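J.: compute the structure for the input listed below.
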Amino acid sequence: MEKVKNYIENNKERFLNELFEIIRIPSISSEAGHKEDMVRTAEAYKAALLKAGVDKAEVMPTNGNPVVYAEKIIDTVLPTIMVYAHYDVMPVDPVDLWDSSPFEPEVREGKIWARGADDDKGQGFMHVKAFETLVANDKLPVNVKFMIEGEEEIGSVNLGAFCEANKEMLKADIILVSDTGMIAPDIPSITTGLRGLAYWEVEVTGPNRDLHSGLFGGAVANPINVLAKMIAQVTDENNHITIPGFYDDVLEATAEERRLLNLAPFDKEEYKRAIGVEALLGEKGYTTIERAGIRPSFDACGIWGGYTGEGAKTVLPSKAYAKLSSRLVPNQQHEKIAKMFEVYFTSIAPKSVKVKVTTLHGGQAYVCPIDMPAYKAAEKAYQKVYGKQPVPTRSGGSIPIISTFEKVLGIKSILMGFGLEDDAIHSPNENYPLENFYNGIETITWFYQFFKEEYNV
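T.: Model (predicted):
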């Protein structure tokens, strides 16, 4: 494996430049104007995988953005790892808050600055380079498949059907994912759980047209005011979600599970400082770690209506809109929660407005067993590179397709993330430390080796 480490060291600049070529393509899946960019990015990944040494690579169509599939089968007797990643990224607005162009990556302060630097082009590309490193040095110990999609940021709406239609092609022993994070640069961690997600758009309509706020204000319901009050009613003074039946299926963590979860290093003051707040807020009776990992939540992700241009316009708007989401925990079914919310939210609307709720997407929570071979292999890999045992953590985020993989393909996933909390994913000035990028490549190469050993092959 010394040859492997030297190969990474000797090719650092090339690895980085090749990543930058993919980052430069604005593959924003939520914006229709980037449809051609999605195909360009998929083709770029195909080319990168072929260059890395796969036997075959294809850009395969779906009802939405294409999936890149590739494989290298060295011996059917050996176990198979399937790498999952996504090539789509979040929108960049507000652009004026970026310190550099979102799609022109820069290296500053030892970090890559760009949209997708971490989520998930930086982390996904580590796998391409780890694979290349092993192949180039004749050290690949297992079979490898790649499945790289372009719709993760919009809920992987077509990947489930893709998996259903290609079960035989996608057979594997484990799915390897790097789309999560580490506790700190020197504290590696393995994500053992993800929250699920339900996501809605709501429309509140009052009068049949925009009205003069002087002539009609105080006499006619303002949809923005009403919507704000309705959103506020979804949580109570203890930040407990008020939707009837919402907690019925929640799998409550045991006292021992909560104790172990809170053993993870956590500096509350540093946490507040990093995000620029003076106080934290969440469900009463739970720690910050618990609130973000094992408890459900409800949030407004966006709200708009009326006049938002420069200067003043005294208008009482006809409509108001919001994007709302709920993070879910094991046992909660996102389809059931979506319907519960729709029934509840329309029920609390006053007769002065009409409410329309549209479910956009969702996904189930996921839990990774810590006694499976892949987890043990990941532990050993992190120990090799970081010199310490990784900490098991629960992530507050969601990767909806992970639970679908288990349901449709019958395959568990191992979540080996290398991102950091201050990487600003989904926000302006997204970044990814160079050290994490290169350490990630090396750690993944060790995972392959230990995975074979854990399967006693």
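
J.: who are the packing partners of the helix or strand where residue 198 lies?
T.: For residue 198, the host element (DSSP states H and E) is strand 196-205. Where contact means 3 or more C-beta pairs under 8 Å, 6 or more residues apart in numbering; DSSP states H and E, strand 196-205 is packed against helix 223-232, strand 319-328, helix 334-347, strand 354-363. No exception for glycine: its C-beta is placed from N, CA and C like everyone else's.

J.: in its sheet, what does that strand sit against?
T.: If you go by DSSP bridges, strand 196-205 pairs up with strand 319-328 (antiparallel), strand 354-363 (antiparallel).

J.: avg pLDDT for the last one?
T.: Read it as strand 354-363. Across strand 354-363, pLDDT averages out at 94.

J.: who touches that strand?
T.: The contact list for strand 354-363, computed with C-beta atoms under 8 Å, 6 or more residues apart in numbering, reads 154-157, 196-205, 230, 323, 334-335, 337-338, 341-342, 345-346, 349, 398-404.

J.: OK, contacts around residue 15?
T.: Residue 15 sits next to 8, 125, 129, 437-438, 441 when contact means C-beta under 8 Å, 6+ apart.

J.: and those residues, which two are furthest apart?
T.: The distance between the two most remote of those (C-beta to C-beta) is 13.2 Å, for 8 and 125.

J.: so the residue nearest to residue 216 when sequence neighbours are not counted bridges to which residues?
T.: Spatial nearest neighbour of residue 216, excluding adjacent residues (C-beta to C-beta, 6 or more residues apart in numbering): residue 316 at 5.2 Å. Going by DSSP bridges, residue 316 is paired in beta bridges with residue 211.

J.: would you agree residue 316 is in contact with residue 211?
T.: Yes: assessed by C-beta atoms under 8 Å, residue 316 is found in contact with residue 211 at 4.3 Å.

J.: SS state for residue 393?
T.: With DSSP: H, G, I helix; E, B strand; the rest coil as the basis, residue 393 sits in strand.

J.: roughly how far apart are it and residue 260?
T.: Using C-beta to C-beta, to the nearest Å, residue 393 is found at 10 Å from residue 260.

J.: tell me the contacts of the closest residue to residue 325 other than its chain neighbours?
T.: Nearest non-adjacent residue to residue 325, counting by C-beta to C-beta, 6+ apart: residue 199, 4.6 Å away. Applying C-beta under 8 Å, 6+ apart, we find residue 199 in contact with 155, 301, 323-326, 359-362.

J.: rewinding a little: and the contacts of strand 354-363, which of them are buried?
T.: Buried members of the contacts of strand 354-363, counted by 16 or more other C-beta atoms under 10 Å: 154-157, 196-200, 202-205, 230, 334, 337-338, 341-342, 345, 349, 398-404.

J.: can you point out the buried residues in the lengthiest helix in the chain?
T.: Longest helix in the chain by number of residues, with DSSP state H as the criterion: helix 434-454. For helix 434-454, the neighbour count (16+ other C-beta under 10 Å) marks 436-452, 454 as buried.

J.: count of residues packed around the closest residue in space to residue 336 that isn't next to it in sequence?
T.: Using C-beta to C-beta, 6+ apart and skipping residues adjacent in sequence, the residue nearest residue 336 is residue 249, 7.5 Å away. For residue 249, the neighbour count with other C-beta atoms under 10 Å is 14.
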